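>>> quick one: sequence plus predicted model below, questions after.
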Amino acid sequence: MNEDRIEQTYNSIDQMVKVHGKPKPEKFGEGNWDAEKEFEIYKKQVGKRYTDFQWKVIRDYFKVKFRDKK
């Protein structure tokens, strides 16, 4: 099944939130996953794929998912 780019982004956010606070594998630098840091990295990697308005909606989605995990 092929996902469109927004589905890929939402699935990536879901995964970031899911692993938040869990140990990172050595190949990813060890320590623990930090969903907020990972989201910032993701935004830099795919930033031009979305408009400012789309990023607002995506950020809101991240905030809700991250808050609900706590």
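Here it is on my side, so go on.
>>> what separation do you get for the residue nearest the centre of the chain and Glu26?
The chain has Ile13 as the residue nearest its centroid, 3.2 Å off, counting by Cα atoms, centre = their mean. Per Cβ to Cβ, to the nearest Å, Ile13 is found 24 Å from Glu26. Using the backbone N, CA and C atoms, a C-beta is placed for each residue, glycine as well.
>>> wait, a strand at the residue nearest to the centre of the chain?
No. Ile13 is assigned helix when assessed by DSSP: H, G, I helix; E, B strand; the rest coil, not a strand.
>>> longest helix anywhere in this structure?
Criterion DSSP state H: the longest helix present in the chain is helix 52-69.
>>> mean confidence score for it?
Across helix 52-69, pLDDT averages out at 95.
>>> what packs against that helix?
Helix 52-69 sits against helix 5-19, helix 35-46, with contacts defined as 3 or more Cβ pairs under 8 Å, 6 or more residues apart in numbering; DSSP states H and E.
>>> what is the shortest one packed up against?
With contacts defined as 3+ Cβ pairs under 8 Å, 6+ apart, the secondary structure elements packing on helix 35-46 are helix 5-19, helix 52-69.
>>> recalculate using a threshold of 6 Å.
Secondary-structure packing of helix 35-46 (3 or more Cβ pairs under 6 Å, 6 or more residues apart in numbering; DSSP states H and E): helix 5-19.
>>> which stretches of this protein have low pLDDT?
The model of the chain has pLDDT under 70 over residues 1, 70.
>>> go again using 80 as the cut-off
Scanning the chain for pLDDT under 80 picks out 1-3, 70.
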